[in-house]
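Undergrad: next one to model:
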Amino acid sequence: MPAVKTRTRILATMALASASWTGPAVAQLKPEPLVGSDLPEKPGPHWMWVNDVVFHHMADGKAFLVDGDAGTMRGMLSTGFGFNGVVVPRNRSAILSPEVYFSRGTRGTRTDVVTVYDPRKLAPVAEIGIPPKRGSHMPMTASAALTDDDRFLVIYNFTPAQTVSVVDVKTRKFVGEIDIAGCALVYPTGPRSFFSLCGDGTALTVRLDDAGKAAGKARTAKLFDAVKDPVTEKGVRRGDTWYFVSFTGDVVPLQTTGGTIKAGARWSLLDAADRKASWRPGGMQHLSLHAASGRLYSLMHKGGEYSHKDPGTEVWVYDLSNRKRQSRFALEAPATSINITQDANPVLFAIFIGAGKVDVYDPKGGKLLRSIAEIGFTPTTLVSY
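TA: Numbers count the residues shown, from 1 in each chain. Below is the predicted model of the structure:
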């Protein structure tokens, strides 16, 4: 009881002292207005989207737009749970982002949408509801893609049933779901077609009608040995040919003319000396292709069997016309993803999933031009803008 009385007297004394001390007058600060500016109507030739799954707090994915010339971030999108990546139409009329949200943040009712963002304001202008099935996996460049005329967005689902959701970008409506059992991801081949890679080394071709419904499906012949030397899913495209690389470094061209797919002649990124030194391709996005010059860029590292996810320490450059390596250069820091811009004087972007920065290189000599710091937490893949 005495301790209670003593404590009461102390508190009363403190309150009285606080009330009697007025202190110096403090001027009321005026609130600062929020201001913003639209992006230019025409993006710079060296702008790039950096997707971030944010492994530290996966409910809050991000996409960052960076300027490789200025070395700055131009804008950011908040993109939901387990984010894979944005999809950019050829005419840049919008930014499309397949997103997942839960009513309680990390739990509760799941809602999947394709959010349509204004390309200059980077503000959401529409949401298109899709089935709550979008594949939640390590981010991959082929998780979603547009048909060649930008009309239909196809999105890979995994529940673990494997299907593809189709969204009509023009009408902004979900139009249907296509079964692709045993196959995964989406690789466009024309204005109304795409294919998926299958676990037995074949591919499933899908043809759409003008309403976005499946008008035909067919399995190809075996394109690669999925047991002895499987290809990674990280393909790059030039014209009617998709280029994939096997775990051991063989290039597997898949030609997609006439609505069919056939494997072209295989060739290797490695010679005997490279193999002896244990060089291999690897990373999350280990290939990039400059379409006009026919130059193929590959992240390379020294590693053993099944090291295909390891970061690269060098970039090797190949001429697709003669299938020969033209040059190689060491990276200033290891990278898990690369992407080259498509202009006449391109730059190459490189990121590492464990570092929140972007490195920009001159692909001709391999010089590090600049680094852009504080870009995300766990950057995963790069999308040209």
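
Undergrad: burial of residue 284, as a residue count?
TA: A total of 24 residues lie near residue 284 under the criterion other CB atoms under 10 Å. All C-beta spots, glycine's among them, are computed from the backbone N, C-alpha and C.

Undergrad: cool, and residue 99?
TA: 24.

Undergrad: same check, this time on residue 261
TA: Neighbour tally, residue 261, other CB under 10 Å: 23.

Undergrad: quick one: low-confidence ranges for this structure?
TA: Across the chain, the ranges flagged by pLDDT under 70 are 1-26.

Undergrad: could you chop it up by domain?
TA: 51-79+270-385, 84-228 (automatic domain parsing).

Undergrad: among these, which is nearest residue 251?
TA: Across these, residue 251 has its closest neighbour in domain 51-79+270-385 (7.5 Å, CB to CB).

Undergrad: distance between the closest one and the chain's centre?
TA: Centre-to-centre, domain 51-79+270-385 and its host chain are 12 Å apart (CA atoms, centre = their mean, to the nearest Å).

Undergrad: quick check: phi and psi on residue 52?
TA: The phi and psi values for residue 52, taken as degrees, to the nearest 10, are phi -130, psi 120.

Undergrad: residue boundaries of the helices in the stretch 251-385 of the chain?
TA: Ranges of helices within the stretch 251-385 of the chain are 272-276, based on DSSP state H, counting those that start in this stretch.

Undergrad: now do the helices in the stretch 1-150 of the chain.
TA: Along the stretch 1-150 of the chain, the stretches classed as helices by DSSP H, counting those that start in this stretch are 2-20.

Undergrad: picking that back up, now distance to residue 37 too, for the domains of the chain, in CSV please.
TA: What follows is those, written out as CSV (distance: least, CB to CB, whole Å):
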stretch, distance to residue 37
domain 51-79+270-385, 10
domain 84-228, 9
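
Undergrad: my read: residue 132 touches residue 112, true?
TA: Yes - in this structure, residue 132 is within contact of residue 112 by CB atoms under 8 Å, at 4.6 Å.

Undergrad: so what's in contact with these two at the same time?
TA: residue 100 (CB atoms under 8 Å, 6 or more residues apart in numbering).

Undergrad: distance of the closest residue to residue 318 other than its chain neighbours from residue 99?
TA: Nearest non-adjacent residue to residue 318, counting by CB to CB, 6 or more residues apart in numbering: residue 296, 4.4 Å away. With the distance defined as CB to CB, to the nearest Å, residue 296 ends up 32 Å from residue 99.

Undergrad: now residue 35
TA: Counting by CB to CB - residue 35 and residue 99 are separated by 27 Å.

Undergrad: please apply the same query to residue 253.
TA: 34 Å.

Undergrad: can you check residue 126 too?
TA: 12 Å.

Undergrad: shared neighbours, these two?
TA: residue 115.

Undergrad: ok, residue 98 - how many residues close by?
TA: By other CB under 10 Å, the residues close to residue 98 number 26.
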